[in-house]
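[1] Dropping the sequence and predicted coords here.
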Amino acid sequence: MKYSKCSGAVRWSGGLQVLKPGQSIADDHPLVAERPDLFTDAEPEPDIKMPAVPSRGVEQATRAPGETRGTRTTRKGTAKGRSDE
């Protein structure tokens, strides 16, 4: 397997081929034989890598069957964010 080193349209005896960096091509493809300068054996870096820290997961927005959750209560006569004066 070979990987493209360049980006752009390449004209060769088989026509026109658009290449992107890291694009793979078979070793025995005629374009590799004709234009070996455009390809490398080195595998490219992955586009998406594993996160450096593990994910904390997704919080559950709704209560599961049988699950109880605590609720906040406010004092009567006070609005949220305001205190009795």
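    Good, I have the coordinates. Only a predicted model underlies this, so the values are computations on that prediction, with no experimental measurement involved.
[2] tell me the pLDDT at Pro46?
    At Pro46, the pLDDT value in this model is 83.
[3] Also Pro54?
    Reported pLDDT for Pro54: 66.
[4] Same check on Gly22?
    Value for Gly22, per-residue pLDDT: 93.
[5] which residues touch it?
    3-4, 44-45 (Cβ atoms under 8 Å, 6 or more residues apart in numbering). C-beta: built from backbone N, CA, C; applies to glycine.
[6] I'd assumed Val10 was in contact with Lys20.
    No - in this structure, Lys20 is not within contact of Val10 by Cβ atoms under 8 Å, at 11.3 Å.
[7] circling back: by neighbour count, which of the contacts of Gly22 wins?
    Neighbour counts for these (other Cβ atoms under 10 Å) peak at Ser4, which has 22 neighbours.
[8] thinking again about what came up before, higher neighbour count, Lys20 and Val10?
    A count of neighbours by other Cβ under 10 Å puts Val10 above the other of Lys20 and Val10, at 16 against 10.
[9] and that one, which of the three is it?
    strand (DSSP: H, G, I helix; E, B strand; the rest coil).
[10] Now do the contacts for the closest residue to it other than its chain neighbours.
    Closest residue to Val10 apart from its sequence neighbours, by Cβ to Cβ, 6 or more residues apart in numbering: Gln17 at 5.1 Å. By Cβ under 8 Å, 6+ apart, Gln17 lies in contact with 9-10, 31.
[11] and of these, the nearest to Arg63?
    Ala9 (57.0 Å; Cβ to Cβ).
[12] Geometric centre of the protein: which residue is closest?
    Ile48 (4.5 Å; Cα atoms, centre = their mean).
[13] Break down this structure into its helices, ranges please.
    Counting by DSSP state H, the segments of the chain that form helices are 30-34.
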